[in-house]
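S.K.: How does the following fold in three dimensions:
(2 chains)
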Protein chains: 2
Amino acid sequence: MPHYPIIDLIKEKKSFLCVGLDPDPRYITNQSPINFCYSIINSTIDYAVAYKLNSAFFEYCGIEINVIAEYAKRRGAFVIIDGKRGDIGNSSSAYAKALFENINADAATVSPYMGYDSIEPFLQYENKTTILLGLTSNEGSNDFQMLKLENGKRLYEHVIETSLTWQRKSDLMFVVGATRPNELKSIRSIAPDNFFLIPGIGVQGGSLQEVIDNGMNDNVGLLINCSRSIIYSDNPAKAALDIQKQMHGYL
Amino acid sequence: MPHYPIIDLIKEKKSFLCVGLDPDPRYITNQSPINFCYSIINSTIDYAVAYKLNSAFFEYCGIEINVIAEYAKRRGAFVIIDGKRGDIGNSSSAYAKALFENINADAATVSPYMGYDSIEPFLQYENKTTILLGLTSNEGSNDFQMLKLENGKRLYEHVIETSLTWQRKSDLMFVVGATRPNELKSIRSIAPDNFFLIPGIGVQGGSLQEVIDNGMNDNVGLLINCSRSIIYSDNPAKAALDIQKQMHGYL
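M.R.: Numbers count the residues shown, from 1 in each chain, chains lettered A, B, ... in the order given. Reported below is the predicted structural model:
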């Protein structure tokens, strides 16, 4: 079984909560987007093991993502840059260097459409985690991910199975949406040992209980991401604590 | 037939060349990466209608992509930001705003894995072009894009066919690699009217003649991207002129 560094943090904090930093200027009224990020980290750091920095909003707001990544790391958190990157080899290699070396993120999300050589540059980093899109939480996941292949499998199943055969030094995680409990169970049987990054609890309607029933393994194996339901709640610290308490009960 | 604004530039310059700006610090020795970008634009602007700014290298080098985008637009070129983005709706919406509003790019590349709602925010912009990955030029395109579906089609064919049914205000282009002439022909029959952005000529080994034979339509329909074979040649102006001359012959 691979050793995911995140497991030590999970045991220490009795939490497998990842807080998603989506600084959306429509909802941030009384402070700058960058101060909003600091303030969310400060108020949730006791309950969250990881922060997922959504590069879309950082680009849109013009916040330098490395500044927030560095702060979250200094506070002891596991830092995921969520950019869903993927390009031909030399370009993906530049993305991997930007994310794993310049920013020193612990993990990065990548999109599988372009195949092995688009992901390989990420997989070559030791002590980093590559998080591959498997089955996402949005409605559009029906369009292509759920397609049935000639061999009877769904595309997302084939993507996950294939990726498990790839040579890698990096840990491999999968994005699996909480909105799909049945498929989560089947993905757990395909990838019994891998950690999953699970979005879709909260605003998108997934259930924590169902995710745990269908996705937890002996090594926890779950990192549950909440973005809007925590960061735009009236009391982010309490929202994070409420989830952490539930998580503690399952550990 | 959709009216692609790029066609006016193509007629004016007798060229359908897009120069790919991949500022890779390994190959830029005697100047800063940002000055390298200015210098490539200055030396190729008479022969190229478009510049494709590869966000991987801009992120890695720490060049502000909007500065170069603005410069290329000021010189009258069509500007593509090549980030292969795609995320759940509200995140894709932030990407679209970042690229089409903040940077004011003419076009952006997007990846289809997450389906319609991940692309829709881009498609809502009038007078912008959304460039969807179809069949890419790299070896890894065999891994998933070429998979055969239960209905007998390849995944890339299904992606392109499906995307043509999507509601949109934006023009829709497809990325089709020059390294796959047979498939290019079949994609042209699926999408007779759409422009294709064609990488893979030059370093990756595709042939201009084959691309023209298999992909050109009555409205040209081709935007051919060359990156390394121009920007890292001893004489980028001459390399671009050589291709433009060939293109002129086909127009």
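S.K.: contacts and neighbour counts: CA atoms only from here.
M.R.: Fine.
S.K.: Who is A:Gly20 paired with across the strands?
M.R.: Applying DSSP bridges to A:Gly20 gives these bridge partners: A:Lys52.
S.K.: That one is in contact with A:Tyr51, isn't it?
M.R.: Yes - shown here, A:Gly20 and A:Tyr51 form a contact pair, counting by C-alpha atoms under 8 Å, at 5.7 Å.
S.K.: which of these two has more neighbours?
M.R.: More crowded of A:Gly20 and A:Tyr51, by other C-alpha atoms under 10 Å in any protein chain shown: A:Tyr51, with 27 against 24.
S.K.: tell me the average confidence for stretch A:163-181?
M.R.: Per-residue pLDDT over stretch A:163-181 has a mean of 93.
S.K.: go on, stretch A:137-144?
M.R.: On average, stretch A:137-144 scores 96.
S.K.: Just give me the neighbour total for A:Lys153.
M.R.: Neighbour number of A:Lys153 under other C-alpha under 10 Å is 15.
S.K.: Over to stretch A:71-86 now: how far is its first residue from its last?
M.R.: One end of stretch A:71-86 to the other measures 26 Å (C-alpha to C-alpha, to the nearest Å).
S.K.: and that stretch, does that touch chain B?
M.R.: Yes - applying C-alpha under 8 Å from any C-alpha of the partner chain, one finds stretch A:71-86 touching chain B at A:83-86.
S.K.: hang on, A:Arg26 in a helix?
M.R.: No - assigned with DSSP: H, G, I helix; E, B strand; the rest coil, A:Arg26 falls outside any helix and is coil.
S.K.: can you give me the strands for chain A?
M.R.: Secondary structure of chain A by DSSP state E: the strands cover A:17-21, A:50-54, A:78-85, A:107-110, A:129-135, A:171-176, A:196-198, A:222-226.
S.K.: So in that sheet, which strands flank the longest one, and in what orientation?
M.R.: If I follow you right, that is strand A:78-85. Going by DSSP bridges, the partners of strand A:78-85 are strand A:50-54 (parallel), strand A:107-110 (parallel).
S.K.: Please convert those to a markdown table, extending it with mean pLDDT and distance to B:Ile160.
M.R.: Shown next, in a markdown table, are the strands paired with strand A:78-85 (pLDDT from 0 to 100; distance: least, C-alpha to C-alpha, whole Å):
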| stretch | mean pLDDT | distance to B:Ile160 |
| --- | --- | --- |
| strand A:50-54 | 98 | 28 |
| strand A:107-110 | 98 | 21 |
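S.K.: any chance of the ones you listed in TSV, plus distance to B:Tyr95?
M.R.: Formatted as TSV, the strands paired with strand A:78-85 follow (distance: least, C-alpha to C-alpha, whole Å):
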stretch	distance to B:Tyr95
strand A:50-54	10
strand A:107-110	16
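S.K.: Among these, which comes closest to B:Ala69?
M.R.: Closest to B:Ala69 of the strands paired with strand A:78-85 is strand A:50-54 (C-alpha to C-alpha; 22.9 Å).
S.K.: Around chain B, which positions in the stretch 1-150 of chain A sit nearby?
M.R.: A:54, A:56-57, A:59-61, A:83-88, A:91-92, A:94-95, A:97-98, A:102, A:111-118, A:136, A:138-145, A:147-150.
S.K.: Keep only those of those that are in helices.
M.R.: A:56-57, A:59-61, A:91-92, A:94-95, A:116-118 (DSSP state H).
S.K.: Return the closest of the residues you listed with respect to B:Ile201.
M.R.: A:Ser91 (16.3 Å).
S.K.: Now do the same contact list for the closest residue to that closest one other than its chain neighbours.
M.R.: Excluding the flanking residues, the one nearest A:Ser91 by C-alpha to C-alpha, 6 or more residues apart in numbering or on different chains is B:Ala56, at 5.7 Å. Residues near B:Ala56 by C-alpha atoms under 8 Å, 6 or more residues apart in numbering or on different chains: A:91-92, A:94-95, A:98, B:22, B:83.
S.K.: go again using 7 Å as the cut-off
M.R.: Residues counted as contacts of B:Ala56 (C-alpha atoms under 7 Å, 6 or more residues apart in numbering or on different chains) are A:91-92, A:94-95.
S.K.: Just the pLDDT at it, thanks.
M.R.: 98.
S.K.: Show me the contact partners of stretch A:215-233.
M.R.: The contact list for stretch A:215-233, computed with C-alpha under 7 Å, 6+ apart, reads A:16-22, A:40, A:184-185, A:188, A:194-199, A:201-203, A:236, A:239-240.
S.K.: Out of those residues, which end up buried?
M.R.: Among the contacts of stretch A:215-233, the ones that count as buried by 16 or more other C-alpha atoms under 10 Å in any protein chain shown are A:16-22, A:40, A:184-185, A:188, A:194-199, A:201-202, A:236, A:239-240.
S.K.: biggest helix in chain A by residues?
M.R.: Max-length helix for chain A by DSSP H is helix A:236-250.
S.K.: and the angle for that helix with strand A:17-21?
M.R.: 150 degrees (axes from the mean of the first three to the mean of the last three C-alpha atoms, to 10 degrees).
S.K.: Taking strand A:222-226 as reference, get the angle to helix A:236-250.
M.R.: Using the same axes, to 10 degrees, helix A:236-250 lies at 160 degrees relative to strand A:222-226.
S.K.: Quick one: mean pLDDT for helix A:236-250?
M.R.: Helix A:236-250 comes out at a mean pLDDT of 96.
S.K.: If you count contacts, what does it end up packed against?
M.R.: With contacts taken as 3 or more C-alpha pairs under 7 Å, 6 or more residues apart in numbering or on different chains; DSSP states H and E, helix A:236-250 sits against helix A:33-44, helix A:228-231.
S.K.: Mind giving me the packing neighbours of the first one?
M.R.: Read it as helix A:33-44. helix A:236-250.
S.K.: Please compute how far the helix it packs on lies from its chain's middle.
M.R.: 18 Å (C-alpha atoms, centre = their mean, to the nearest Å).
S.K.: Give me the contacts around it.
M.R.: Outside helix A:236-250, the residues that touch it by C-alpha under 7 Å, 6+ apart are A:14-17, A:40, A:43-44, A:47, A:230.
S.K.: switch to 8 Å and redo it
M.R.: Contacts for helix A:236-250 (C-alpha under 8 Å, 6+ apart): A:14-17, A:40, A:43-44, A:47-48, A:229-230, A:233.
S.K.: Over to stretch A:166-180?
M.R.: Here stretch A:166-180 makes contact (C-alpha under 8 Å, 6+ apart) with A:2, A:4, A:116, A:120, A:122-138, A:160, A:184, A:194-201, A:204-208, A:211.
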